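Participant: structure for the following, please:
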Amino acid sequence: MKNYTYAPKGVCSKKIDFEIDDEGKMHNLRFLGGCNGNLKAIGLLLEGADAKNAADILRGNDCGGRGTSCADQLARAIDEMVS
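Facilitator: Predicted coordinates for the structure are as follows:
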């Protein structure tokens, strides 16, 4: 399993940590900062999910007109780390 850390930009969270196993499944997703309850829920929902599929679903999600969100930043992290 590979560990990844990403520094999101333009959102409240300051760090995203996650792991991807050899089958491309996500594990142990954690956000530092941001909307704690919502981001914990995203982590629970994505446990064991296909990382590329998760990125496809989350990409482009907007928060408060920022043009990005913590979910969108996760998609960007997956794109950058897995591609």
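Participant: can you count the residues close to the spatially closest residue to L32 that is not a sequence neighbour?
Facilitator: Nearest non-adjacent residue to L32, counting by C-beta to C-beta, 6 or more residues apart in numbering: K15, 4.0 Å away. Where you see a C-beta, it was placed from the backbone N, CA and C, and this is true even at glycine. Applying other C-beta atoms under 10 Å, we find 13 residues neighbouring K15.
Participant: same question, G24
Facilitator: A count of nearby residues for G24, using other C-beta under 10 Å, gives 14.
Participant: got the phi and psi for it?
Facilitator: phi 80, psi 20 (degrees, to the nearest 10).
Participant: isn't it right up against K52?
Facilitator: Yes - using C-beta atoms under 8 Å, G24 is in contact with K52, at 6.4 Å.
Participant: common neighbours of the two, please.
Facilitator: V82 (C-beta atoms under 8 Å, 6 or more residues apart in numbering).
Participant: any residues touching stretch 22-42, and which ones?
Facilitator: The contact list for stretch 22-42 (C-beta under 8 Å, 6+ apart) reads 1, 11-21, 43, 46-52, 54, 70-71, 74, 78, 82.
Participant: to clarify, my last question referred to stretch 11-20.
Facilitator: So stretch 11-20 is contacted by 1-8, 26-35, 39, 51, 63, 66, 68-70, 73-74, 77-78, 81-82 (C-beta under 8 Å, 6+ apart).
Participant: helices along the protein, start to end?
Facilitator: All helices of the chain, identified by DSSP state H, fall at 36-46, 51-58, 70-82.
Participant: quick one: buried residues of the last one?
Facilitator: Of the residues in helix 70-82, those scored as buried under the neighbour-count criterion (16 or more other C-beta atoms under 10 Å) are C70, A71, D72, Q73, L74, A75, R76, A77, I78, M81.
Participant: how about the second one?
Facilitator: Of the residues in helix 51-58, those with enough neighbours to count as buried (16+ other C-beta under 10 Å) are A51, K52, A54, A55, L58.
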